[in-house]
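Chemist: return a 3D structure for these sequence lines:
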Amino acid sequence: MSRIGRRPIPVPQDVTVQINGSVIQAKGPKGELSRTLHPSMKVALDNGTLTVSRPSDAEQHKALHGLSRTLVANLVEGVSKGFEKVL
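Modeler: Coordinates of the predicted model:
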């Protein structure tokens, strides 16, 4: 299993997440963001944590697993803390 993909994503109290098929929408104090993931990746919200799972151990699914988890984590971070670029 992907080391990055299997890590759960904690959702802060002030962030709401909606899952509509492969579309993930997050709303928080810094705004709203949405992202469409690959249709084979499954995202579940349970007790304030998001988990991303893959259907098989195929190479493409392994690659998409970690990528999808990172994209969702960045989505949650963006609406809660905001993005910052430090030079």
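Chemist: for this structure, what spans make up the strands?
Modeler: Using DSSP state E, the strands of the chain run over 9-10, 16-20, 23-28, 31-36, 42-46, 49-53.
Chemist: now mean pLDDT too, for the ones you listed, in JSON lines please.
Modeler: Converted to JSON lines, those look like this (pLDDT from 0 to 100):
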{"stretch": "strand 9-10", "mean pLDDT": "96"}
{"stretch": "strand 16-20", "mean pLDDT": "96"}
{"stretch": "strand 23-28", "mean pLDDT": "96"}
{"stretch": "strand 31-36", "mean pLDDT": "96"}
{"stretch": "strand 42-46", "mean pLDDT": "94"}
{"stretch": "strand 49-53", "mean pLDDT": "95"}
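Chemist: and residue 82, which of those is closest to it?
Modeler: With Cβ to Cβ as the measure, strand 31-36 is the member of the strands of the chain nearest residue 82 (8.3 Å). Every residue, glycine included, has its C-beta placed from N, CA and C.
Chemist: need the contact list for the residue nearest the centre of the chain.
Modeler: Geometric centre of the chain, nearest residue: residue 72, 1.9 Å, by Cα atoms, centre = their mean. Counting by Cβ atoms under 8 Å, 6 or more residues apart in numbering, residue 72 makes contact with 9, 24, 35, 37, 43, 50, 52.
Chemist: ok, now residue 77?
Modeler: So residue 77 contacts residue 83 (Cβ under 8 Å, 6+ apart).
Chemist: just the buried residues of the contacts of residue 72.
Modeler: 9, 24, 35, 37, 43, 50, 52 (16 or more other Cβ atoms under 10 Å).
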